[in-house]
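Visitor: Okay, predicted coordinates and the sequence, questions at the end:
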Amino acid sequence: MKSFFKTFFASFLGSAVLLLVVVIFIFGSLIASIASSSEANVTLKPKTVLYMNLNYDIPERTNSNSLEMYFNVDKIDMAGMNDILNNIDAAATDPNIEGIFLDLSTIGTSSANIEEIRNRLISFKESGKFIISYGEAYTQSAYYLASVSDKIYMLPDGVLD
């Protein structure tokens, strides 16, 4: 019986220490992400081109959940509609940005979102800057978005759906 309690308390103590380490790690990561989430000023070099890869399911809003990276690695660095539209507007007024390069093939979002991005790109073109699109293959919605571009490129073996 003495051996049982000795083993039980050793296991309990080991589990408690592990739980404490995990909690400290999660809170440390949370605090570090909050501290680093303050917007940093980015300085662009002249003649910069904004690269936009839209080949993913575009969420309505960019996920700012700092713990997302631990639970869903696939959704890291996925810009939401809010950031996509804001970045297009910022590129139109930034004197260092010469144009936009759209990397398209499939777009996993609604037709309304595609229309909203397209309208924002049309407003961007009014600033006198260029838009170039590239896709290995184009779906109908991707080609519709690319149609606002000055030039559209596709692989020679690509498919237009």
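Guide: Right, received. Where do you want to start?
Visitor: I'd like the distance from the longest helix belonging to the chain to the chain centre, please.
Guide: Ranked by residue count and defined by DSSP state H, the top helix of the chain is helix 2-36. Mean C-alpha position of helix 2-36 versus that of the full chain (CA atoms, centre = their mean, to the nearest Å) differs by 33 Å.
Visitor: Mind listing the strands the helix or strand following that helix pairs with, and their directions?
Guide: Reading on from helix 2-36 to the C-terminus, the next helix or strand found by DSSP states H and E is strand 48-53. When sheet partners are counted by DSSP bridges, strand 48-53 sits next to strand 97-103 (parallel).
Visitor: wait, what's in contact with Ser3?
Guide: Applying CB atoms under 8 Å, 6 or more residues apart in numbering to Ser3 gives no contacts. Every residue, glycine included, has its C-beta placed from N, CA and C.
Visitor: Tell me the pLDDT of Glu39.
Guide: With respect to pLDDT, Glu39 scores 55.
Visitor: which ones are touching the closest residue in space to Leu54 that isn't next to it in sequence?
Guide: Computed as CB to CB, 6 or more residues apart in numbering, the closest residue to Leu54 that is not its neighbour in sequence is Ile107, at 5.3 Å. Taking CB under 8 Å, 6+ apart, we find Ile107 in contact with Leu54, Asn55, Ile58, Ile114, Thr139, Ser141, Ala142, Leu145.
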